[in-house]
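what shape does this take:
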Amino acid sequence: MEEEASSPGLGCSKPHLEKLTLGITRILESSPGVTEVTIIEKPPAERHMISSWEQKNNCVMPEDVKNFYLMTNGFHMTWSVKLDEHIIPLGSMAINSISKLTQLTQSSMYSLPNAPTLADLEDDTHEDNL
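This next block holds a predicted model:
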């Protein structure tokens, strides 16, 4: 699969990239000193790639994540700043392709002790009906 590079003026030529980056490209391009805002966009994922990932990880991706990957199989955006006469790489934002996507499991380290779950809420509604 070939990757497609887009360069300055992204907001004008690729409206879907503007949405994918939540408007960051436009903000960067209009910021003083920021230069060389580029995005390497990957071609859309195929449905079988999503299904394969779901089966391998035994979980279902949310619809918005599936739709994202059906639009582009990830991207990498970079930008630089011009300081005096030197261009210095400054920022990078990347969304991994499906093949590099890793399922995160919930760790008890980040959970509140005795925090209610959806199952607890369902139990409460059954008790109210008694």
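
pretty sure residue 80 is in a strand, no?
Yes. Assessed with DSSP: H, G, I helix; E, B strand; the rest coil, residue 80 lies in a strand.

ok, how many other residues are close to it?
18 (other Cβ atoms under 10 Å). Any C-beta I mention is one placed from the backbone N, CA and C, and that applies to glycine too.

just to check, it is in contact with residue 87?
Yes. Taking Cβ atoms under 8 Å as the definition, residue 80 is a contact partner of residue 87 at 4.9 Å.

which neighbours do those two share?
Counting by Cβ atoms under 8 Å, 6 or more residues apart in numbering, the shared contacts of residue 80 and residue 87 are 35, 36.

mind checking which helix or strand of the chain has the lowest mean pLDDT?
Taking mean pLDDT, DSSP states H and E as the measure, the helices and strands of the chain show their lowest mean at helix 10-13, namely a mean of 44.

would you state the strands of the chain in chain order?
4-6, 34-41, 75-83, 86-95 (DSSP state E).
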